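Novice: Take this sequence and fold it.
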Amino acid sequence: MTILAAAPFAPDLAGWERVGAAEFACDAEMRRGAAAAARIRIAPEGELAYQQLRKDIAGDLLDGDEIQASVYVRSEGLDQSPGAYLALEFVGADGSRVSIAHSKASRENGSRDWERLVASGSVPKGAALVRVSLILHAHGTAWFTEPALVRLSRMDPWPDLGDRVRSVRVDPDQITQERFGGVGFHAFHHVFPATQEELDEVIYKRWRELNPSFVRMNDEWDYDRAMMDRIAMHMERMKRTGTEIYLTSWNPPPVHSDDELAAWARRVADNLEFYVRTHGVQKLKTYCMTNELTMGAWASLASDLGLFRRYHQALYDELRRRKLPVGLLATDASPESYWHTLEWAAEHMDSITAIYGGHHYFNDRGPKDERFYPAFLHRLQWAVGLARRMNKDFILGEFGAKQDNRRLDGVTQDRCVFFETPDEPFVTLQLAEAVIAALNAGVYGMGYWTFIDLPDDFAKGYINRWGVFRWSGKDRSTRAIYYGYGLLTRYLRGPGKAYAVHSDDPRVRVGALQHEPDRTWTVVVVNRNDTPTRVEIALPSAGPRADFRRYVYLPSKVKHHPFGDLPGPSGVASLHNRTLKDQVPPMSLTVYTSAYDPRPPARVTGIRASASTVGMRVTWTASRAPDLCYYRVYRIERGVPVQIRSTIAASIVDADGKAGSTYLVRAVDTSGNEGP
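Specialist: Below you'll find the predicted structure:
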């Protein structure tokens, strides 16, 4: 359905609002066919402030409508990205932005000929009108013509199924991913210092607790040996959790000759060889030469993909010469509106690309939006489909809920906008739906940004607060997502086979993974109904164990643990005739898994306590359990054990302990079983 028909601009640009200081005019001399173009020109000395022409359109809008805006653009003399581009904005009745989507943004847009730009989005809850913006953010001139707005589709209202049992089928004939790598994180903690106590009791205690089998780690091509030794130490610790590593660099250097490019490639290969061969990090499988196509400025290579390919080729040749088993990823673009770069890479550099990947943050949909899941599933199916046509896989390297990015008191707020608000616990449901969409689309691996907050002093005028737990001053407290997303990293571990899952209730979203080689199952359910819902989940095979442990995350009842210990199962659901029957709570995440060992670890022995200048030093004999995760340390107070610490070490210092204090230590295994 056409909302705004493509038509010539009026001579006085009537109907379009001018925003910002620029020269705005209708240019009768610049035409595409018969239609005159609107011109925006910013002089070299002009201040850049996203100058634009925009039009607000109210009308027949329903939540979930898929809307597409388009315009043709020509440009001349643009000096920087994002250049000339198109924005599609959804605006509330109070005039505030509800969500926004952009076209491809680049200084190259329209530089050679008329180029059609497209921006698409779904109408979110609370939107009262659509705003089409024709934007220039560069010095130079841009012409826009034939702006149009159409409704691509209207989602039918979802039925209220009442108390009917929901039927869910894991499709035995549709394996979406034969070798799923896992649900994990982007990790940043390896590049900033931490004390041994922080490593043992916070960082790697929680890493083992959440047990991710996939991680994306940041790198710099020119790190010195001291930094590389630190990174190698962290990579070696990840061997304990069997974590596959995807390493990405930031901002490679500009080069001015083939010799300089070859020298850069040798340095990067030296670094990778140091990790893989010197330190035996065999799980380092993937490398990308720059985060989000950045060189000098964020995403600048999106407008010079030929240069991206040149670096990629030089590194590919060097890795191949050394026979290093590390594959290269293209293009790492973010957000989804930049995934068009994947198409270019597939056409022009597939032979030197091992895997495709991109990022996306859910800026157009809030955590309570029940229409998020089908929209994101569609996006991932497109990306995976493109990669599969090239016989490759797709990695979702970063993802997260809506970004803040405001500047407050001179500090850029790079954080989830819902943190520290009543909606924070619901972010987990949206992240879980993203994971379920990834399983059903066939994504290889995925990393939530990020495992841990960046430290306060990471960069002047900048904070990055996305972690599943905090790292500010002495605050190491967990966020709500730790207890929900953490269940997904812990139990949706690779290797395994992901299956397509079909539900007869669009508000019940389900993902299924059969683990290899033991053929156990993990099934994840998000229930968006506002009442308890009975489900019957049919599996293709039973696996070795009929009893599935059940873990439930309720946004309304998140229980934080002072040491980040995940809660145990809420019960057991048994498989009968290859079918799980259960009732899931409203607005909840439920994880069912048969991937566990029911036997708890043995009793910890050799517990000793001795006075020191800083308190009581407690030591014990290290557990020999092969699946040991960590220890819980208890001080006995009036005959009752009170937990005072969780640690992966075999000793602690209890600053509050006194001579005569007695202690109990219990081992916890990777299945969450606590020993005696």
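Novice: Packing partners of the helix or strand where residue 84 lies?
Specialist: Per DSSP states H and E, residue 84 falls inside strand 83-91. Applying 3 or more CB pairs under 8 Å, 6 or more residues apart in numbering; DSSP states H and E, we find strand 83-91 packed against strand 66-76, strand 97-102, strand 115-122, strand 129-137, strand 140-153. Yep, even glycine has a C-beta here, placed from its N, CA and C like the rest.
Novice: Pairing partners for the second one, with directions?
Specialist: Take DSSP bridges as the rule and strand 97-102 pairs in its sheet with strand 83-91 (antiparallel).
Novice: Residue 464 in helix, strand or coil?
Specialist: Per DSSP: H, G, I helix; E, B strand; the rest coil, the secondary structure class of residue 464 is strand.
Novice: ditto for residue 11
Specialist: Classified using three-state DSSP, residue 11 is coil.
Novice: Give me the phi and psi angles of it.
Specialist: Dihedral angles of residue 11 (phi, psi; degrees, to the nearest 10) stand at phi -50, psi -30.
Novice: Residue 204 now?
Specialist: Here residue 204 shows phi and psi, under degrees, to the nearest 10, equal to phi -90, psi -20.
Novice: beta partners for residue 584?
Specialist: residue 533.
Novice: which residues sit in contact with it?
Specialist: 508, 525, 527, 532, 533, 535, 552, 590 (CB atoms under 8 Å, 6 or more residues apart in numbering).
Novice: 7 Å - rerun?
Specialist: Residues near residue 584 by CB atoms under 7 Å, 6 or more residues apart in numbering: 525, 527, 533, 535, 590.
Novice: Identify those among those that sit within strands.
Specialist: 525, 527, 533, 535, 590 (DSSP state E).
Novice: Out of those, which is nearest to residue 86?
Specialist: residue 527 (37.3 Å; CB to CB).
Novice: So which of the contacts of residue 584 wins on neighbours?
Specialist: residue 525 (28 neighbours; other CB atoms under 10 Å).
Novice: could the ones in strands among the contacts of residue 584 go into JSON lines alongside pLDDT and distance to residue 629?
Specialist: Formatted as JSON lines, the ones in strands among the contacts of residue 584 follow (pLDDT from 0 to 100; distance: CB to CB, whole Å):
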{"residue": "525", "pLDDT": "98", "distance to residue 629": "25"}
{"residue": "527", "pLDDT": "98", "distance to residue 629": "29"}
{"residue": "533", "pLDDT": "98", "distance to residue 629": "32"}
{"residue": "535", "pLDDT": "98", "distance to residue 629": "30"}
{"residue": "590", "pLDDT": "98", "distance to residue 629": "22"}
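Novice: Identify the farthest-apart pair in these.
Specialist: 533 and 590 (10.1 Å).
Novice: among the helices and strands of the chain, which one scores worst on average pLDDT?
Specialist: Lowest on mean pLDDT, DSSP states H and E among the helices and strands of the chain sits strand 407-408, with a mean of 82.
Novice: C-terminal to that strand, what's the next element?
Specialist: strand 411-415.
Novice: Packing partners of the helix or strand following that following strand?
Specialist: Helices and strands here follow DSSP H and E; after strand 411-415, the next one along the chain is helix 424-441. If you count contacts as 3 or more CB pairs under 7 Å, 6 or more residues apart in numbering; DSSP states H and E, helix 424-441 packs onto strand 166-187, helix 372-389, strand 445-449, helix 480-491, strand 493-503, strand 508-515, strand 521-527, strand 588-593.
Novice: average pLDDT for helix 424-441?
Specialist: Computed over helix 424-441, the mean pLDDT rounds to 98.
Novice: Could you export it as CSV, CA atoms only?
Specialist: Only the C-alpha atoms of helix 424-441 are listed here, as CSV (Å, rounded to 0.1, in the frame of the first residue of the first chain):
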residue,chain,number,x,y,z
GLU,A,424,15.7,-4.0,32.7
PRO,A,425,14.5,-7.5,33.7
PHE,A,426,12.6,-7.8,30.4
VAL,A,427,15.8,-7.3,28.4
THR,A,428,16.5,-10.9,29.1
LEU,A,429,13.4,-12.0,27.3
GLN,A,430,14.4,-10.1,24.2
LEU,A,431,17.9,-11.5,24.3
ALA,A,432,16.5,-15.0,24.7
GLU,A,433,14.2,-14.4,21.7
ALA,A,434,17.3,-13.3,19.7
VAL,A,435,19.0,-16.5,20.7
ILE,A,436,15.9,-18.6,19.7
ALA,A,437,15.8,-16.7,16.4
ALA,A,438,19.5,-17.5,15.8
LEU,A,439,18.9,-21.2,16.4
ASN,A,440,15.9,-21.3,14.1
ALA,A,441,17.7,-19.3,11.4
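Novice: what's the angle from that helix to strand 588-593?
Specialist: 50 degrees (axes from the mean of the first three to the mean of the last three CA atoms, to 10 degrees).
Novice: Show residues contacting helix 424-441.
Specialist: Counting by CB under 7 Å, 6+ apart, residues outside helix 424-441 touching it are 176, 183, 362, 367-368, 372-373, 376-377, 380-381, 384, 396, 399, 401, 416, 418, 446, 448, 479-481, 484-485, 488, 492, 498, 500-501, 509-511, 513, 524, 526, 553, 555, 558, 587, 589.
Novice: can you rerun that using 6 Å?
Specialist: 183, 367-368, 373, 376-377, 380-381, 384, 396, 399, 401, 418, 446, 480-481, 484-485, 488, 498, 500, 509, 511, 524, 526, 555, 558, 589 (CB atoms under 6 Å, 6 or more residues apart in numbering).
Novice: quick one, strands of the stretch 201-350 of the chain?
Specialist: In the stretch 201-350 of the chain, the strands defined using DSSP state E, counting those that start in this stretch lie at 214-219, 244-249, 284-288, 327-333.
Novice: follow-up on the earlier one: the least confident helix or strand of the chain pairs with which strands, parallel or anti?
Specialist: strand 411-415 (antiparallel).
Novice: in the strand it pairs with, what's buried?
Specialist: 413, 414, 415 (16 or more other CB atoms under 10 Å).
Novice: ok, what's across the strand from the last one?
Specialist: Each beta-bridge partner of residue 415 is listed here: residue 465, as defined by DSSP bridges.
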